[in-house]
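Novice: For reference, the sequence and a predicted model appear below.
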Amino acid sequence: MNIKPLGDRVVIKKLEAEEKTKSGIVLPGTAKEQPQMAEVLAVGPGGMVDGKEVKMELKVGDKVIFSKYSGTEVKLDGEEVTIVRQNDVLAIVE
Amino acid sequence: MNIKPLGDRVVIKKLEAEEKTKSGIVLPGTAKEQPQMAEVLAVGPGGMVDGKEVKMELKVGDKVIFSKYSGTEVKLDGEEVTIVRQNDVLAIVE
Amino acid sequence: MNIKPLGDRVVIKKLEAEEKTKSGIVLPGTAKEQPQMAEVLAVGPGGMVDGKEVKMELKVGDKVIFSKYSGTEVKLDGEEVTIVRQNDVLAIVE
Amino acid sequence: MNIKPLGDRVVIKKLEAEEKTKSGIVLPGTAKEQPQMAEVLAVGPGGMVDGKEVKMELKVGDKVIFSKYSGTEVKLDGEEVTIVRQNDVLAIVE
Amino acid sequence: MNIKPLGDRVVIKKLEAEEKTKSGIVLPGTAKEQPQMAEVLAVGPGGMVDGKEVKMELKVGDKVIFSKYSGTEVKLDGEEVTIVRQNDVLAIVE
Amino acid sequence: MNIKPLGDRVVIKKLEAEEKTKSGIVLPGTAKEQPQMAEVLAVGPGGMVDGKEVKMELKVGDKVIFSKYSGTEVKLDGEEVTIVRQNDVLAIVE
Amino acid sequence: MNIKPLGDRVVIKKLEAEEKTKSGIVLPGTAKEQPQMAEVLAVGPGGMVDGKEVKMELKVGDKVIFSKYSGTEVKLDGEEVTIVRQNDVLAIVE
């Protein structure tokens, strides 16, 4: 089963605490916006979104930091994923 | 009887629980935005909408995830459908 | 007496319950946005509206679905009509 | 004494109940937006307004329907007039 | 001492009741937006304001109607003046 | 130590009461927006700000009137300065 | 481990009180917007952000003043950093 996000949306899968420890990022529980690490599973086509040209900077496999409360959670083939707009992704971590 | 959505709107029909199970998507009841699966029945022409050029990415027959609370419900020939803007559709599922 | 809506406005006349039954559309009383069927009586010229180019997609005689609470009601030669912006019209029904 | 509205504004004078009866328009007291008939006394130049090109569609002498609560009331040479933006005028009645 | 308003701002001086009577405009105390007459003392250069091209339509000496609560009051050489954006001026009175 | 404001920002230093008296401007304590006199210490480069072209009209040494509550106060080498956007400056006084 | 901010975002690291004293900036505790000094660690690519062309004015190593409450805090390799949009940075200090 395949999911193709529309416009400037991306599908991401949250990374577990273990992985976060490995990658060295610990996210403080008190942070107002609750950033969280995730991996990009699918990337929308970009193009004209709300009448503005959007170029997708993310690609599948990117590890990203995004704001925990943005996006919509969907269970896909038993796996919980989140659909967010690219603009809600703060940074790529390498 | 035929329905032609205006602008960037699409007419969608919600998929029943059975179909959702078959397609492997289960939508959590606690999700804030309440995403839901649906099938696209009709697609507006796009073009200039609110002064912005909109290209329709959806086509009739697409299975989509959309936010449950978006759009307007209408009963058409006894069948309940929803009219939403393309931008309220999050992703296509294949 | 004649009414010429300005900009992207259209004048519509709500269709009675009988007509709605004939056309096969029943609108649920619980719908949040209260869609309603109407017939288009007059169409504005479109053009630059709020600095955006608007092309009128509606024409006189179209049967449309619009959101009941949008627009302004006016009694014209004893007949109650509603003036709405084209963007508040959701779809054309044929 | 002469009044020249700026930008996309027009000066209008509300029509009395008598005239409304003659023209066949009766405006329901329960209408949320309280539309009202008026005659156009002066029309602004249009042009760039808020950075958008506005073309004036109204001309002096037009009978119009506008939303009662829009605009600013001014007493001019003992006569009460209202200054509204063209966009607050819903339709021309002929 | 000289004051040069920036952008699309103008400096105006409120006209006293006497002058208002002479010019024939009486402003009702119950008006929601409290329009008021004033004379233009200085006019900004216009040009790009908030990224929009603004052409100044007012000139020094114009008698104008503006909304009383718009702008900022400043005492200049003992004389109270108001700095408003041109868009807050409703009309020129001649 | 040197401060370079970004975008359309300027660094200003509030003028003391004495100077205000000399320049003849007295600012009423009851003014809603609390305008205040200041001298410009540094001017940002302007250019594209929020996607809009901004041309800087202010230069170092200008005496300006700005709204007291706009901007951010910073102590720079023991001297309190304020960083405001050019658009929050109402006028230049000469 | 490396962090690459997206769009017009920059990653900054707050400067300690000691450093602030050395650089001569003391930030008042009562300031409404709570400005704070920081050093730039990483700069996004800029380009089209929200449909607007953004040119990055900041570079790695810049000492900047930013509003304390803007941005999202993330712990990166044990070090607390903040991701902010360039527009939330008020000035560069040299």
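Specialist: Sure thing, it's come through. Numbering: from 1, shown residues only, chains lettered A, B, ... in the order given.
Novice: tell me which element the residue nearest the centre of chain A falls in.
Specialist: Centroid-nearest residue in chain A, with Cα atoms, centre = their mean: A:Ile12, separated by 4.0 Å. Per DSSP states H and E: A:Ile12 is located in strand A:9-14.
Novice: And for A:Ala42?
Specialist: Applying DSSP H and E, one finds A:Ala42 within strand A:35-43.
Novice: thinking again about what came up before, partner strands of the strand holding A:Ile12 and their direction?
Specialist: strand A:35-43 (antiparallel), strand A:79-85 (antiparallel) (DSSP bridges).
Novice: Can you give me the neighbour number for A:Glu16?
Specialist: 10 (other Cβ atoms under 10 Å in any protein chain shown). C-beta here means a position set from N, CA and C on the backbone, and glycine is covered the same way.
Novice: er, A:Phe66 actually
Specialist: 27.
Novice: mind checking how far it is from A:Val89?
Specialist: With the distance defined as Cβ to Cβ, to the nearest Å, A:Phe66 ends up 5 Å from A:Val89.
Novice: and what of A:Gly44?
Specialist: A:Gly44 is 12 Å from A:Val89, by Cβ to Cβ.
Novice: Burial-wise, tell me which of the strands paired with strand A:9-14 comes out on top.
Specialist: strand A:35-43 (a mean of 20; mean count of other Cβ atoms under 10 Å in any protein chain shown).
Novice: and the strands paired with strand A:9-14 as CSV, adding mean pLDDT?
Specialist: Converted to CSV, the strands paired with strand A:9-14 look like this (pLDDT from 0 to 100):
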stretch, mean pLDDT
strand A:35-43, 92
strand A:79-85, 92
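Novice: Where does the prediction get shaky in chain A?
Specialist: A:1, A:17-34 (pLDDT under 70).
Novice: List the residues that contact the residue in it positioned nearest to chain C.
Specialist: Closest residue of chain A to chain C, Cβ to the nearest Cβ: A:Gly51 (9.5 Å). Listed by Cβ atoms under 8 Å, 6 or more residues apart in numbering or on different chains, the contact partners of A:Gly51 are B:50-54, G:51.
Novice: Give me the subset of these lying in helices.
Specialist: Among the contacts of A:Gly51, no member falls in helices (criterion: DSSP state H).
Novice: With distance to A:Glu79 added, can I get the residues you listed in TSV?
Specialist: Formatted as TSV, the contacts of A:Gly51 follow (distance: Cβ to Cβ, whole Å):
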residue	distance to A:Glu79
B:Asp50	36
B:Gly51	40
B:Lys52	35
B:Glu53	36
B:Val54	32
G:Gly51	33
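Novice: picking that back up, looks like the residue nearest to the centre of chain A contacts A:Gln36 (just checking).
Specialist: No. A:Ile12 is beyond contact range of A:Gln36, at 9.3 Å (criterion: Cβ atoms under 8 Å).
Novice: what is in contact with these two at once?
Specialist: A:Phe66.
Novice: could you show me where the strands are in chain A, in order?
Specialist: Secondary structure of chain A (DSSP state E): strands at A:3-5, A:9-14, A:25-26, A:35-43, A:47-49, A:52-54, A:63-67, A:72-76, A:79-85, A:89-93.
Novice: In CSV: the ones you listed, plus distance to D:Pro5.
Specialist: CSV is the format used below for these (distance: least, Cβ to Cβ, whole Å):
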stretch, distance to D:Pro5
strand A:3-5, 48
strand A:9-14, 45
strand A:25-26, 59
strand A:35-43, 51
strand A:47-49, 37
strand A:52-54, 34
strand A:63-67, 46
strand A:72-76, 47
strand A:79-85, 42
strand A:89-93, 48
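Novice: Just want the residue of chain A that's nearest chain G.
Specialist: A:Lys52 (2.4 Å).
Novice: What separation do you get for that residue and chain B?
Specialist: 8 Å (Cβ to the nearest Cβ, to the nearest Å).
Novice: cool, and A:Val64?
Specialist: Counting by Cβ to the nearest Cβ - A:Val64 and chain B are separated by 17 Å.
Novice: For beta bridges, what are the partners of the residue of chain A closest to chain G?
Specialist: A:Val49.
Novice: Now do it against B:Val43, distance only.
Specialist: As defined by Cβ to Cβ, A:Lys52 lies at a distance of 22 Å from B:Val43.
Novice: again, but for A:Val49
Specialist: On the measure of Cβ to Cβ, A:Val49 and B:Val43 end up 17 Å apart.
Novice: go on, A:Gly46?
Specialist: Taken as Cβ to Cβ, the span from A:Gly46 to B:Val43 is 20 Å.
Novice: do the same with A:Lys59
Specialist: Where B:Val43 is concerned, A:Lys59 sits at a distance of 29 Å (Cβ to Cβ).
Novice: Check whether A:Gly61 really touches A:Ala42, as I assumed.
Specialist: No. A:Gly61 sits out of contact with A:Ala42 when judged by Cβ under 8 Å, with a separation of 10.7 Å.
Novice: So A:Val84 is in contact with A:Gly71, correct?
Specialist: Yes. At 3.5 Å, A:Val84 counts as touching A:Gly71 under the criterion of Cβ under 8 Å.
Novice: between the two, what contacts are shared?
Specialist: With Cβ under 8 Å, 6+ apart, A:Val84 and A:Gly71 have common neighbours A:Ile12.
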